[in-house]
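# Give me a model of this one.
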Amino acid sequence: MRVPVAVTGIGIVSSIGIGRDAFWSALREGRSGIAPIEGLARASGLPRVTAAVRDFAAKELITSQQFRRMDRLSRMAVAASRLALTDAGIAPDALPGERVGVVFGTALGDIEDSMDHLQRIFTRGPAAASPMVFPNLVMNAAAGYVAMEFGFTGVNLTLAQAEVSGEHAVAQGCDVVRSGRADVVLAGGGDQVTPILVEGYHRARALAGQRGGREWASPYDTGRTGIVLGEGTAILVLESVARARARGATIYATIDGARSFSVDAPRYDWPARADAALPALQTLLDGEAVDLLVGGANSSRRLDRCELALFARLLAAPAADVGVTSIKGAIGEFGAAGALTVAAACLALREQTIPPLCNLRSPEPDAPFRFCAPRGVPARLRRALVCGLARGGSGVALSLRVSS
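Residues are numbered from 1 along each chain as shown. As a prediction, the model looks like this:
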């Protein structure tokens with residue numbers, strides 16, 4: 001069903017800012033959250049940089065007694081949820097708890113505490129396992145903590161689908177609203193960067209600079225050298241358009257459709273081509289024009305090239321007025337980064353500004369569309385398409401529109 005769902009609140013914890021305004025201001029100005037992080041650096045060799053969340057005062061946004069027990073990812077999820085509810089003008093205690101849902105996407109969950117937990121067991125034996133830490137190790141810990149913080153007892157789902165976990169969660173959240181299973185849904189996702197993750201990507205030789213060139217992130221740039229790992233969380237408040245209008249809420253954008261798809265790809269790598277996604281994307285667009293394409297390009301040779309080929313075929317003809325961008329030059333790559341991508345697309349439609357391609361210096365030639373500038377550019381935007389591809393071949397696309 002193509003019933004639009006309204007996005008009425010946005011909460012973000014990211015490497016470029018905490019909260020909607022800080023995030024959008026940095027993104028619009030082309031600022032990147034990629035910086036040296038000594039605490040996560042390897043003893044020798046790359047990487048020397050990540051896009052980590054800094055200056056995150058979680059205690060100011062989490063009021064329950066659960067704070068001390070929460071893992072870092074759950075704290076980011078709860079904080080982003082509070083920011084989103086405040087932005088939407090919704091007091092949590094004014095809502096029937098059973099009519100509020102939570103849908104959270106994460107590729108790896110609380111990997112930091114999981115590693116510490118296993119290390120204790122391996123070195124000290126099973127008796128060292130902490131019953132206080134164990135609940136944080138399950139994938140749905142973050143969604144559970146969000147529900148407990150606000151007393152929400154409705155639909156509670158966790159989705160893990162590699163690098164499209166965030167997009168999947170938003171799409172599923174829209175389905176929950178459309179089905180009437182909840183009046184309000186907090187949908188989004190998050191992941192964290194940890195030493196074990198850094199080491200894993202290093203051994204896979206997937207990080208920027210490992211195969212030569214600069215250690216940086218610049219999607220769609222001919223000089224790109226690989227990904228830079230990041231972290232963060234974004235939560236969107238979703239509700240029916242009728243409910244949002246009845247209470248006079250600000251509607252950032254409406255999500256009028258989503259499609260999931262799969263394409264051939266190696267198990268642990270991005271696809272080389274994604275032509276099999278065309279029918280799903282064409283059905284989603286339904287023959288209508290799109291003004292902005294927001295991809296998941298992450299500065300890797302393979303994924304960026306695949307996306308550009310897919311977008312070129314999707315548009316079919318020269319489309320000089322269609323802007324193409326990705327925000328991963330600003331926030332880095334992580335499993336649920338797509339939740340921040342959807343948030344950026346909503347803000348772009350609301351502010352009528354195309355988010356820039358951070359660090360872009362030498363764009364791929366001969367593209368039939370317009371690469372976004374290094375800084376935000378005002379433009380008339382009516383419709384945006386968010387499209388994400390994950391290692392292994394999973395994909396999700398969402399259609400967003402300006403609220404009429």
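# doesn't Gln282 make contact with Ser399?
No. Ser399 is beyond contact range of Gln282, at 11.7 Å (criterion: C-beta atoms under 8 Å). Bear in mind the C-beta positions are built from the backbone N, C-alpha and C, glycine included.
# okay, those two: which has more neighbours?
More crowded of Ser399 and Gln282, by other C-beta atoms under 10 Å: Ser399, with 22 against 14.
# Leaving out chain neighbours, which residue sits closest to that one?
In space, and not counting its chain neighbours, Ser399 is closest to Gly257: 4.4 Å by C-beta to C-beta, 6 or more residues apart in numbering.
# residues contacting that neighbour?
Under the criterion of C-beta atoms under 8 Å, 6 or more residues apart in numbering, the neighbours of Gly257 are Arg2, Leu284, Leu398, Ser399.
# Give the buried residues for the helix or strand harbouring it.
Using DSSP states H and E, Gly257 falls within strand 253-262. Using 16 or more other C-beta atoms under 10 Å as the burial criterion, the residues of strand 253-262 that qualify are Ala253, Thr254, Ile255, Asp256, Gly257, Ala258, Arg259, Ser260, Phe261, Ser262.
# Same check on stretch 19-28?
Applying 16+ other C-beta under 10 Å to stretch 19-28 flags Gly19, Arg20, Phe23, Trp24, Ala26, Leu27, Arg28 as buried.
# hmm, back to that, closest one to Ala312 out of the buried residues of strand 253-262, please.
Phe261 (17.5 Å; C-beta to C-beta).
# Report the contact partners of the residue lying closest to that closest one once chain neighbours are set aside.
Leaving aside its sequence neighbours, Phe261 sits nearest to Ala280 (C-beta to C-beta, 6+ apart; 4.1 Å). Neighbouring residues of Ala280 by C-beta under 8 Å, 6+ apart: Arg259, Ser260, Phe261, Gly395, Ala397.
# Likewise for Gly332?
Counting by C-beta under 8 Å, 6+ apart, Gly332 makes contact with Ser15, Gly33, Ile34, Thr50, Ala51, Val193, Ala217, Ile227, Val228, Leu229, Gly230, Glu231.
# any idea how far the fourth one lies from Val228?
Right, the one you point to is Thr50. 6 Å (C-beta to C-beta, to the nearest Å).
# The two: which has the busier surroundings?
Val228 (29 against 25).
# Which residues outside the lowest-mean-pLDDT helix or strand in the chain are in contact with it?
One helix or strand of the chain scores below all others by mean pLDDT, DSSP states H and E: helix 111-124, with a mean of 80. Contact with helix 111-124 is made by 71-73, 128-130, 133-134, 136-137, 192, 194-197, as judged by C-beta under 8 Å, 6+ apart.
# Pull the distance from that helix to the chain's centre.
28 Å (C-alpha atoms, centre = their mean, to the nearest Å).
# Mind listing what's buried along that helix?
Result for helix 111-124 [16+ other C-beta under 10 Å]: buried residues Ile111, Glu112, Asp113, Ser114, Asp116, His117, Arg120.
# what packs against the helix or strand just after it?
Using DSSP H and E, the helix or strand that follows helix 111-124 towards the C-terminus is helix 141-150. Helices and strands touching helix 141-150, by 3 or more C-beta pairs under 8 Å, 6 or more residues apart in numbering; DSSP states H and E, are helix 72-88, strand 100-105, strand 156-159.
# Output the ones you listed in TSV; the columns should cover distance to Glu167 and mean neighbour count.
Output for the helices and strands packed on helix 141-150, formatted as TSV (distance: least, C-beta to C-beta, whole Å; neighbours: other C-beta atoms under 10 Å):
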stretch	distance to Glu167	mean neighbour count
helix 72-88	16	26
strand 100-105	8	30
strand 156-159	10	20
